[in-house]
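Please work out how this folds:
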Amino acid sequence: MKNQEKTDRMRVLILADVCNPEWPSLPVVGYKFARAISHYVNATVVTQIRNKPNIDKVGMGNAKVVYIDTENIAAPLQKLTTLLSGSNKAWTINAALGYFSYLAFEWEVWQRYKQELQSGHFDVVHRITPMSPTQPSPMATWSPVPFLLGPLNGGLPWPKAFTAELKREREWLSYVRNAYRLMPFYGSTYKRSAGILAAFDHTILDLPASARSKTINYAEVGIDPELFKLPERSSSEQVTVLFAGRLVPYKLPEVVIRAFANSSILQQHKLAIVGDGPERPRLEELIAEHNLGNCVQLLGQKTQAEVGELMRQAEIFAFPSIRELGAGVVVEAMACAMACVVVDYGGPGALIEPDRGIKVPLGNFETLVKSFTAELEQLVADRARVARMGMAAHNYAMNHYSWDVKAQQMLQVYQWLASHGSVKPDFQQQSNTL
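Sure thing, here's the model as predicted:
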């Protein structure tokens, strides 16, 4: 019976150029998404050879994994990207130069699977990564079976009040970002894709208008319930506020530190900052300048398991990032029953509602410091409110963003594509009715 069930499953060729269980952000998201999907379909995951050592350690669920070696192109371009942008910065430069190596990746995939696709061996081709809408996919045209693109996330304008942070991020290409629409394969990607997954309204609005009828609002973020789960917090007079993320200009960890510097109330509690990056020296100077060493800690980079443990120990998640596309870290904090304080812009603003957190209006730097100071002061004084928000956040995250839930939703999408004419899934409507 089990063999028959497996035989009857849909056959999906998953393209995941960036897919790595040990690399943070997009690589681990691509890996966990593909692994979760493999439990519901017969999946073949095609990825880049550089991911092989880490995937081989832990496997890919029930999927068959195939490695493509394009390092002769990808490695030199990666070195050039690092030279031009520095570490942990300039994502637009990274995406622009990644265009060439990704075309090489898809060409190699097509050469390897052309005959199987033409003979009907697969029901759907699904490109998971890259997730940038600026990266076209010629496979959308080449594939004789329905091609699914996404989840995509991008198109969020840089806030005008933060030009200094933009310069420190070295995001020079953001001024000419829309030039990607002129690149080869861009138009055909959106014209020939049978379905498109796009995260949040800011991404959908950036897509060609003609593509929106086949687009599903579907966030790329997800959570692993084994790492991010309901805590058993011990009662303490001190509340712990947590920031977690790369220490780069646009995430603005400085805002939370300045909130503590401005508030004798907050200084009676603790601020833990998880992450590393080029902003760390500035933050260390700020902590020393305001004598915050007794209440503010820079904990450095942590593994996902360690971040989950820290989230279960803390009560409030403060995340003042001003250009966050997906905000997977916010979903993780919600899963750990934290009351979240975020900027109402991009992914965080779409994830948080009044019953499960606080959205601070987007303003200039000084306005954000004042807003975060006021909101955090109110929260540390009302533990019952923090607990209510945290529980509501936990329930929402588990009901909508566990990887297993998202994989089951993806099965609905595959069935819609393969059936040619059934009703397109609407996960936003399903979320609102639960």
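
only C-alpha atoms for contact and neighbour calcs from this point on.
Fine.

how about the helices of the stretch 301-434 of the chain, start to end?
304-313, 328-335, 346-351, 365-380, 383-401, 403-419, 427-433 (DSSP state H, counting those that start in this stretch).

Wait, residue 55 touches residue 20, no?
Yes: the pair residue 55 / residue 20 is scored as a contact, 6.4 Å apart, by Cα atoms under 8 Å.

Which of the two has more residues huddled nearby?
Counting neighbours by other Cα atoms under 10 Å for residue 55 and for residue 20 shows that residue 20 has the greater number, 25 against 16.

CSV for the helices of the stretch 301-434 of the chain, including distance to residue 266, mean pLDDT and mean neighbour count?
CSV is the format used below for the helices of the stretch 301-434 of the chain (distance: least, Cα to Cα, whole Å; pLDDT from 0 to 100; neighbours: other Cα atoms under 10 Å):
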stretch, distance to residue 266, mean pLDDT, mean neighbour count
helix 304-313, 17, 95, 19
helix 328-335, 20, 96, 28
helix 346-351, 23, 94, 23
helix 365-380, 6, 98, 18
helix 383-401, 14, 96, 20
helix 403-419, 35, 95, 18
helix 427-433, 36, 63, 11
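
JSON lines for those helices, including distance to residue 161?
As requested, the helices of the stretch 301-434 of the chain are arranged in JSON lines below (distance: least, Cα to Cα, whole Å):
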{"stretch": "helix 304-313", "distance to residue 161": "31"}
{"stretch": "helix 328-335", "distance to residue 161": "23"}
{"stretch": "helix 346-351", "distance to residue 161": "15"}
{"stretch": "helix 365-380", "distance to residue 161": "8"}
{"stretch": "helix 383-401", "distance to residue 161": "30"}
{"stretch": "helix 403-419", "distance to residue 161": "36"}
{"stretch": "helix 427-433", "distance to residue 161": "31"}
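
Would you mind telling me which of those is nearest residue 188?
Ranking the helices of the stretch 301-434 of the chain by distance to residue 188, with Cα to Cα as the measure, places helix 403-419 first at 18.2 Å.

Just the CA atoms of that closest one, as CSV, please.
Listed next in CSV are the C-alpha coordinates belonging to helix 403-419 (Å, rounded to 0.1, in the frame of the first residue of the first chain):
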residue,chain,number,x,y,z
TRP,A,403,7.3,23.9,7.1
ASP,A,404,4.9,21.0,7.2
VAL,A,405,1.9,23.3,6.7
LYS,A,406,3.6,25.1,3.9
ALA,A,407,4.5,21.8,2.2
GLN,A,408,0.9,20.7,2.3
GLN,A,409,-0.1,24.1,0.7
MET,A,410,2.5,23.5,-2.0
LEU,A,411,0.8,20.2,-2.8
GLN,A,412,-2.4,22.1,-3.5
VAL,A,413,-0.5,24.4,-5.8
TYR,A,414,1.0,21.5,-7.8
GLN,A,415,-2.4,19.9,-8.1
TRP,A,416,-3.8,23.2,-9.4
LEU,A,417,-1.1,23.4,-12.0
ALA,A,418,-1.4,19.8,-13.2
SER,A,419,-5.2,19.9,-13.4
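
Tell me the secondary structure of residue 260, please.
helix (DSSP: H, G, I helix; E, B strand; the rest coil).

What residues does it make contact with?
For residue 260, the contacting residues are 266-267, 271, 292, 373, taking Cα atoms under 8 Å, 6 or more residues apart in numbering as the criterion.

What pairs with the helix or strand where residue 273 lies, parallel or antiparallel?
Here residue 273 is covered by strand 270-274, with elements defined by DSSP states H and E. Using DSSP bridges, the strands paired with strand 270-274 in its sheet are strand 240-244 (parallel), strand 296-300 (parallel).

so which of these is the most packed in?
Counting by mean count of other Cα atoms under 10 Å, strand 240-244 has the highest mean neighbour count of the strands paired with strand 270-274, with a mean of 24.

Any chance you could list what contacts it?
Taking contacts as Cα under 8 Å, 6+ apart, the residues outside strand 240-244 that touch it are 253, 256, 269-275, 307, 311, 313-319, 329.

just to revisit the earlier point, what's the most distant pair in the contacts of residue 260?
Applying Cα to Cα across the contacts of residue 260, the maximum distance is between 292 and 373, 15.1 Å.

related to what we said a few turns ago, so which of the strands paired with strand 270-274 comes closest to residue 163?
Among the strands paired with strand 270-274, strand 240-244 comes nearest to residue 163, with 22.8 Å by Cα to Cα.

tell me the average confidence for that closest one?
Per-residue pLDDT values over strand 240-244 give a mean of 98.

can you give me the angle it makes with helix 328-335?
Between the direction of strand 240-244 and that of helix 328-335, the angle (axes from the mean of the first three to the mean of the last three Cα atoms, to 10 degrees) works out to 150 degrees.

How far off centre is strand 240-244?
Its chain's average C-alpha position is 19 Å from that of strand 240-244, according to Cα atoms, centre = their mean, to the nearest Å.

quick check: angle from that strand to helix 304-313?
150 degrees.

In CSV, could you pull the C-alpha coordinates for strand 240-244?
Written as CSV, here are the backbone C-alpha positions of strand 240-244 (Å, rounded to 0.1, in the frame of the first residue of the first chain):
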residue,chain,number,x,y,z
THR,A,240,14.8,40.3,28.3
VAL,A,241,14.5,42.1,25.0
LEU,A,242,16.1,40.3,22.0
PHE,A,243,17.4,41.5,18.7
ALA,A,244,18.5,38.8,16.2
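
got the angle for that strand vs helix 365-380?
With the same axes, to 10 degrees applied, the angle from strand 240-244 to helix 365-380 works out at 140 degrees.

Low-confidence stretches in this protein?
By pLDDT under 70, the weakly predicted segments of the chain are 1-7, 77-78, 80-98, 166-182, 421, 429-434.
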